[in-house]
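Visitor: no FASTA, just this:
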């Protein structure tokens, strides 16, 4: 079994994430690329002491980055999880 801190890397604090948290009780997390939905659910419940209703995940491609030369590089690919909490549950992010 994986460590919860290894599965959930950080909470994403973006405008879209803040709007989802206020309106639909959904929170965004940056998670490990090889974590599945059950591991993410278990990790969020353990770290934040909340009950999770659903987990949606998406793999995000790294962006192209260009330096002063003609060579391109990319940032690493990553995985985002949208976690829906049960009614009455919330995560205090501040």
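Guide: Thanks, I have it. These numbers come from a predicted model, not from an experiment. Numbers count the residues shown, from 1 in each chain.

Visitor: Who are the contact partners of residue 71?
Guide: With C-beta atoms under 8 Å, 6 or more residues apart in numbering as the criterion, no residue contacts residue 71. Yep, even glycine has a C-beta here, placed from its N, CA and C like the rest.

Visitor: again, but for residue 56
Guide: Taking C-beta under 8 Å, 6+ apart as the test, what residue 56 contacts is 81, 82, 84.

Visitor: ok, now residue 52?
Guide: Contacts of residue 52 by C-beta under 8 Å, 6+ apart are 41, 44, 45, 83, 84, 85, 86.

Visitor: swap in residue 30?
Guide: 8, 9, 10, 11, 12, 78, 79, 80, 81.

Visitor: List the ones among the residues you listed that fall in strands.
Guide: 8, 9, 10, 11, 78, 79, 80, 81 (DSSP state E).

Visitor: ok, those vs residue 55, which is closest?
Guide: The nearest member of these to residue 55, counting by C-beta to C-beta, is residue 81 at 5.9 Å.
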